[in-house]
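[1] could you work out the structure for the sequence below:
(2 chains)
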Amino acid sequence: MEQVPLFLLAVADQLAEGVLIATEEVRYINPSGLRLVGAERPEQVVGQPLSMFVGQDTVCELLEQAKGWWSQVRTEVRNTPIIPSIKGDLLGIDGCPMTVSLSAFPIAWAGEEAAAFLFLIKSDATDRYLVERAVMAEAQRRAESKMQTVGMLAAGIIHEVNNTLTAVLGYGQLASRLIPSDNKAHQHIQQVIAAGRKSSELVQRILMFARPGPAAKRPVLLHALAKEFLAFLRPAIPCWIEVQELIADSTTPVEADPGLIRQLLAGLIADAVHAMREGGGVLKIELYDEEITDDQVAGLGTPPSGICAGRYVCLRVKDCGRVRGAKEDLSVSNTLSRSDHLGEERIIGLSAVRSIVSTHGGHIWVEREPASGTGIVILFPTLAIAVPLDRSCKAGPSPKTVERG
Amino acid sequence: MPSVLVIDDDEQVRCMIRDTLEAAGYRVEEARNGAEGLEQYRASPADVVLMDILMPDQDGLESILAFRQQFPSARIIAMTGGSDLIGIMNFLDVAKMLGASRTLQKPFERETLLAAVAAEAEV
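    Take a look at the predicted model:
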């Protein structure tokens, strides 16, 4: 099966022009392409013969042009010719034709022959759509900026409100103890305390409502971000914990929100430091590229399922704190505490970590080895990850099989 | 009589904590920010330090680091009414990482405050 880089599909998903990738049948269509053929879901188009959407003559003409273009590209690398487009009919799923501009690019090969083509489809409606999308994007940017400002303002107000409530509740409770319970004033003070508690609950509800925000993802070099942030965190780690940073000099870019990644690192390290708070020890932080092979994917069916073969960036934070149990998959487990005893404080940071990993399409699990401690392992999919043309993933490998080479 | 140093920029909160703790038998000193708190602690070390996080001039996180460097044995309880909405992490988690023994999220109940201070004073 020929492979198409995931980043190419990610770019295609964003284009205003329609994009089809096809052999003799359609293997991928982007959202704009769906709109042009009048389909609602990719499944209505993917797997269908290409001839259902583009006439055979038009396809033949396009493919000849594409092959000619490719042979020119190969011989004149420095002067890549512009691929010509032709006018043709695009057939909707209802069979109705629409005149569009079409061009084709060879993108996968079987020996010397092109095995798959990318078709770029542009209609008169595309330009209008581009303008509309730009207007919508600007409106959305303004709305997000306004919400961010409101959020910061709200956080400042909440801080002040909590301080005020601390005084209201504290003085209320002091006064309540000084007034005999059969006195009417005692009951009035109790009402003040009850109102203070109710207000406190309301503030917490507002916090819970405001907490989830959209991730602002962009291509990020995790090794650079991690090195920078760990340098910032270093002074905060107690001196009785030895830190070993094994961060690769380079890693493949991932699509990530840098703020969330910093939060994730802080959460993992805070958790590890907490685990070693009494006995000290070594905190090992590793970050490197990890290649997951088809064999590894097909090997085992234990969690986390849904992992695809390809290149990932692996983050492992390992401490030598108290160890219990076997390996545990955080993506399916609700048990996030290291606590062995009821009542011991739960490290809330780990639930946020799991949520951040999920936001980035990654996988997370715990390695517990009695001899060497507890490690939390995270795989982030890279932008260079390659997936099959049909974008399907085989079912679950075991992360336990993924060993560093 | 165990002593407590309350470091908070909010006067109402400082006074309320003073009244609560004095009523429970503690001796209480006050400071308006971390720098002032460090000076007071240097002059007269308290058994327990109650440290607010969000303060002008020298905030609580910076102050906890300074306490750790200058007075490693200081028992610090970090407290805040701030949320983690604008920051990259929860303030109290960071305070604990920096060396606070306990944390209190404002607003807190009288019993919660007394239990935290008593636990640290007994250490």
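
[2] please make it C-alpha for all contacts and neighbour counts, starting now.
    Fine.

[3] who does residue A:364 form a beta bridge with?
    residue A:378 (DSSP bridges).

[4] that one and residue B:103, how far apart?
    29 Å (CA to CA, to the nearest Å).

[5] what comes into contact with the helix or strand of chain B with the lowest mean pLDDT?
    The helix or strand of chain B with the poorest confidence is helix B:91-98; it has a mean of 81 (mean pLDDT, DSSP states H and E). With contact meaning CA atoms under 8 Å, 6 or more residues apart in numbering or on different chains, helix B:91-98 is reached by A:236-238, A:270, A:273-274, A:349, B:53, B:61, B:64-65, B:78-80, B:82-84, B:102-105.

[6] ok so, going back, ok, residue A:364 and residue B:103, which is more surrounded?
    Shown here are residue A:364 and residue B:103; by other CA atoms under 10 Å in any protein chain shown, residue A:364 has more neighbours (24 against 21).

[7] re earlier: just checking, what packs against whichever helix or strand comes after the least confident helix or strand of chain B?
    Using DSSP states H and E, the next helix or strand after helix B:91-98 towards the C-terminus is strand B:102-105. Here strand B:102-105 touches strand B:76-80, helix B:91-98, going by 3 or more CA pairs under 8 Å, 6 or more residues apart in numbering or on different chains; DSSP states H and E.

[8] could you redo the last one with a cut-off of 10 Å?
    strand B:48-52, strand B:76-80, helix B:91-98, helix B:110-122 (3 or more CA pairs under 10 Å, 6 or more residues apart in numbering or on different chains; DSSP states H and E).

[9] in terms of mean pLDDT, which of these ranks lowest?
    Lowest mean pLDDT of the helices and strands packed on strand B:102-105: helix B:91-98, a mean of 81.

[10] okay, it in PDB with CA atoms only?
    Extracted in PDB, the C-alpha atoms of helix B:91-98 (Å, rounded to 0.1, in the frame of the first residue of the first chain):
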ATOM      1  CA  PHE B  91      -0.700  27.600  41.900                       C
ATOM      2  CA  LEU B  92      -1.100  25.300  44.800                       C
ATOM      3  CA  ASP B  93       0.500  22.400  43.000                       C
ATOM      4  CA  VAL B  94       3.500  24.500  42.200                       C
ATOM      5  CA  ALA B  95       3.700  25.800  45.800                       C
ATOM      6  CA  LYS B  96       3.800  22.300  47.000                       C
ATOM      7  CA  MET B  97       6.500  21.400  44.400                       C
ATOM      8  CA  LEU B  98       8.500  24.400  45.600                       C
END
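
[11] gap between the longest helix seen in chain A and the chain center?
    Counting by DSSP state H, the longest helix found in chain A is helix A:124-178. Relative to its parent chain, helix A:124-178 has a centroid offset of 24 Å by CA atoms, centre = their mean, to the nearest Å.

[12] contact partners for the residue found closest to residue B:9 once you drop the neighbours it is linked to in the chain?
    Nearest residue to residue B:9, sequence neighbours excluded (CA to CA, 6 or more residues apart in numbering or on different chains): residue B:32, at 4.5 Å. Contact analysis of residue B:32 by CA atoms under 10 Å, 6 or more residues apart in numbering or on different chains lists B:6, B:7, B:8, B:9, B:10, B:11, B:14, B:52, B:55, B:56, B:57, B:58.

[13] measure residue B:32 to chain A for me?
    Distance of residue B:32 to chain A, computed by CA to the nearest CA, to the nearest Å: 14 Å.

[14] can you give me the end-to-end span of stretch A:244-258?
    End-to-end distance of stretch A:244-258 (CA to CA): 22 Å.

[15] which parts of that stretch are buried?
    A:247, A:251, A:252, A:253, A:254, A:255, A:256, A:257, A:258 (16 or more other CA atoms under 10 Å in any protein chain shown).

[16] mean confidence for it?
    90.

[17] who are the packing partners of the strand ranked longest in chain A?
    The longest strand of chain A (DSSP state E) is strand A:97-110. Under the contact criterion of 3+ CA pairs under 10 Å, 6+ apart, strand A:97-110 touches strand A:3-5, strand A:18-22, helix A:31-37, helix A:56-75, strand A:86-91, strand A:113-122, helix A:124-178.

[18] repeat that with 7 Å
    Strand A:97-110 sits against helix A:56-75, strand A:86-91, strand A:113-122, with contacts defined as 3 or more CA pairs under 7 Å, 6 or more residues apart in numbering or on different chains; DSSP states H and E.

[19] looking at those, which is buried most?
    strand A:113-122 (a mean of 20; mean count of other CA atoms under 10 Å in any protein chain shown).

[20] adjacent strands (with direction) for that strand?
    Looking at strand A:113-122 with DSSP bridges, its partner strands are strand A:18-22 (antiparallel), strand A:97-110 (antiparallel).

[21] quick one: which of these has the weakest pLDDT on average?
    strand A:97-110 (a mean of 83).

[22] report the buried residues of that one.
    Buried residues in strand A:97-110, counted by 16+ other CA under 10 Å: A:97, A:100, A:101, A:102, A:103, A:104, A:105, A:106, A:107, A:108.

[23] also stretch B:42-51?
    Buried residues in stretch B:42-51, counted by 16+ other CA under 10 Å: B:45, B:46, B:47, B:48, B:49, B:50, B:51.

[24] residue A:88: which of those is nearest?
    Residue A:88 has its nearest neighbour among the buried residues of stretch B:42-51 in residue B:51, at 72.7 Å by CA to CA.

[25] for the closest one, give its distance to residue B:30.
    10 Å.

[26] would you point out the helix or strand in chain A whose mean pLDDT is lowest?
    strand A:386-388 (a mean of 41).

[27] per-residue confidence for residue A:30?
    91.

[28] you'd agree it is up against residue A:10?
    No - proximity of residue A:30 to residue A:10 does not meet the contact threshold set by CA atoms under 7 Å, at 9.2 Å.

[29] compare these two (neighbour count), which wins?
    residue A:30 (22 against 12).

[30] number of residues surrounding the nearest residue to that one once chain neighbours are set aside?
    Closest residue to residue A:30 in three dimensions, ignoring its sequence neighbours and counting by CA to CA, 6+ apart: residue A:13, at 5.0 Å. Burial measure for residue A:13: 17 neighbouring residues, criterion other CA under 10 Å.

[31] check the gap between the residue most central in space within chain A and chain B for me.
    By CA atoms, centre = their mean, chain A has its centre lying nearest to residue A:360, at 1.6 Å. Separation of residue A:360 from chain B (CA to the nearest CA) stands at 17 Å.

[32] test my guess that that residue contacts residue A:254.
    No - counting by CA under 7 Å, residue A:254 is not a contact partner of residue A:360; they are 9.0 Å apart.

[33] now do the contacts for residue A:288.
    Applying CA atoms under 7 Å, 6 or more residues apart in numbering or on different chains, we find residue A:288 in contact with A:247, A:248, A:251, A:313, A:314, A:315.
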